[in-house]
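In: all I have is the shape, not the residue letters:
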Ligand code: SF4
């Protein structure tokens with residue numbers, strides 16, 4: 001008796017990815033939970049504090065992911081729910097009030113406090129929105145208190161940022177009365193990237209310009225029917241929906257990864273502002289040039305090599321587009337936890353025909369497909385990387401792409417290098 005091949009059923013490799021059929025899988029998954037987002041969000045919003053209401057496991061997760069800060073007090077912590085609480089013996093609301101009061105007395109610099117839900121707080125149905133509303137009343141106007149869920153039940157780790165930003169949207173002030181549009185860039189970006197984009201939009205004459213999240217909570221951007229927004233990250237479905245409910249309009253574009261992605265992303269705004277083609281070219285050509293030169297070295301190394309994406313960060317589709325179009329890599333399978341067809345439409349069109357798209361995960365089946373394909377490089381979560389390395393496959397941790405500035409022209413070289421490095425390491429080990 002012969003075994004069925006590990007490859008996907010015929011018909012799932014469609015002719016053009018914009019119209020491609022997607023292999024949907026619902027099985028065991030290997031992903032981090034949304035608490036992970038605290039690691040980069042607490043660095044971005046400098047007067048915010050993230051209080052996870054969870055278990056010791058939750059505390060270990062964010063402490064080990066964020067590392068220990070020696071010189072600064074951390075801006076995250078976990079209020080531990082213990083056995084007494086789980087048995088319903090304690091009034092958790094009273095205890096939470098005590099913890100928050102103590103924290104805010106001790107840390108007067110905190111202006112924005114997020115109560116972050118977890119699996120344990122959801123299992124015992126602790127109503128954190130009620131707690132946030134009650135505590136906000138006590139501490140307003142000095143501290144704004146919001147809540148969102150970072151629980152690992154049915155989510156993936158980048159959804160933590162989406163939930164956090166979506167919780168901020170109702171807090172955004174209404175846009176002032178004026179005659180023209182404003183641009184809102186949505187998604188946490190490293191400050192250095194934000195500064196570069198600010199300069200580019202300024203040179204294009206696109207503005208007023210705001211960013212969500214802001215660096216400090218008093219700088220919450222205004223929103224309303226004249227707000228046009230560009231997503232800087234592909235995993236912000238709830239935030240985009242909340243902004244649309246406030247009257248804002250999304251500008252459709254690929255994501256700002258690589259020379260091409262960054263140019264098309266900027267162009268979406270430039271077109272909305274009616275920027276002449278010559279001006280757009282004059283402003284963006286130097287950046288495009290720098291980006292292409294910076295990736296040339298990695299492109300030589302990666303050209304023609306195959307790459308396989310396990311679903312993890314939700315950045316998989318834009319990354320596969322960048323690797324295939326700017327580094328001539330060949331994506332075999334591009335797996336993503338969720339494929340937001342509308343937000344990814346411009347990306348999917350640019351993927352090479354025949355790329356297998358998969359959504360969700362059945363990890364054993366996907367591992368079989370990966371082993372059968374023997375890709376040159378596998379992009380996956382931490383949990384799969386070591387076993388695959390032990391089988392002789394070179395891997396890239398997808399979570400690293402969230403901790404590293406990768407958007408914009410001046411980061412394109414670093415982005416390419418992130419994919420070249422595992423292959424360099426493997427070549428050195430083999431030599
Ligand atoms: S929120 Fe859930 S998945 Fe995340 S660390 Fe806590 S218990 Fe684990």
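Out: Ah, there it is. None of these values were measured; they are calculated from a predicted model.

In: for the ligand, what are the nearby residues on the stretch 151-300 of the chain?
Out: Within the stretch 151-300 of the chain, the positions near the ligand by Cβ under 6 Å from any ligand atom are 151, 152. (Each C-beta comes from the backbone N, C-alpha and C, glycine too.)

In: all strands of the stretch 151-300 of the chain, in order?
Out: If DSSP state E, counting those that start in this stretch is used as the criterion, the strands of the stretch 151-300 of the chain fall at 182-186, 209-212, 227-231, 249-250.

In: any low-confidence regions in the stretch 301-431 of the chain?
Out: Flagging of the stretch 301-431 of the chain using pLDDT under 70 yields the residue ranges 428-431.

In: which residues touch the closest residue to residue 315 other than its chain neighbours?
Out: In space, and not counting its chain neighbours, residue 315 is closest to residue 401: 5.7 Å by Cβ to Cβ, 6 or more residues apart in numbering. Applying Cβ atoms under 8 Å, 6 or more residues apart in numbering, one finds that residue 401 lies in contact with 313, 315, 319, 415, 418.

In: just those now: which is nearest the ligand?
Out: Closest to the ligand out of these is residue 313 (16.1 Å), distances taken as Cβ to the nearest ligand atom.

In: is it fair to say that closest one lies in a helix?
Out: No: read with DSSP: H, G, I helix; E, B strand; the rest coil, residue 313 is coil and lies in no helix.

In: phi and psi next, for it.
Out: Per-residue torsions, residue 313: phi -90, psi -10 (degrees, to the nearest 10).

In: contact partners for the residue lying closest to it once chain neighbours are set aside?
Out: Of all residues not flanking residue 313 in the chain, residue 398 sits nearest, at 4.5 Å (Cβ to Cβ, 6+ apart). Applying Cβ under 8 Å, 6+ apart to residue 398 gives the contacts 309, 310, 312, 313, 315, 316, 379, 380, 381.

In: from residue 205, how far out is the fourth one?
Out: Read that as residue 313. Using Cβ to Cβ, to the nearest Å, residue 313 is found at 34 Å from residue 205.

In: when those two are compared, which one has more neighbours?
Out: residue 313 (27 against 13; other Cβ atoms under 10 Å).

In: correct me, but that one touches residue 399?
Out: Yes: between residue 313 and residue 399 there is a contact under Cβ atoms under 8 Å: 6.7 Å.

In: shared neighbours of the two, which are they?
Out: Each of residue 157 lies in contact with both residue 313 and residue 399 under the rule Cβ under 8 Å, 6+ apart.

In: which residues does the helix or strand hosting residue 49 contact?
Out: Taking DSSP states H and E as the criterion, residue 49 maps to strand 48-54. Residues outside strand 48-54 that contact it (Cβ under 8 Å, 6+ apart): 35, 38, 41-42, 58-59, 62, 75-81, 96, 99-100, 103, 107, 110-121, 126, 128, 150, 217.

In: domains of the protein?
Out: 17-30+292-430, 34-155, 182-280 (automatic domain parsing).

In: tell me the mean pLDDT over the second one?
Out: Looking back up the chat, that one is domain 34-155. Regarding domain 34-155, the rounded mean pLDDT is 88.

In: counting by contacts, list what the helix or strand residue 417 falls within packs against.
Out: If you go by DSSP H and E, residue 417 is part of helix 412-430. Helices and strands touching helix 412-430, by 3 or more Cβ pairs under 8 Å, 6 or more residues apart in numbering; DSSP states H and E, are helix 258-272, helix 277-302, helix 316-326, strand 377-380, strand 394-397, helix 400-403.

In: go again with 6 Å.
Out: Other elements packing on helix 412-430 under the criterion 3 or more Cβ pairs under 6 Å, 6 or more residues apart in numbering; DSSP states H and E are helix 277-302, strand 394-397.
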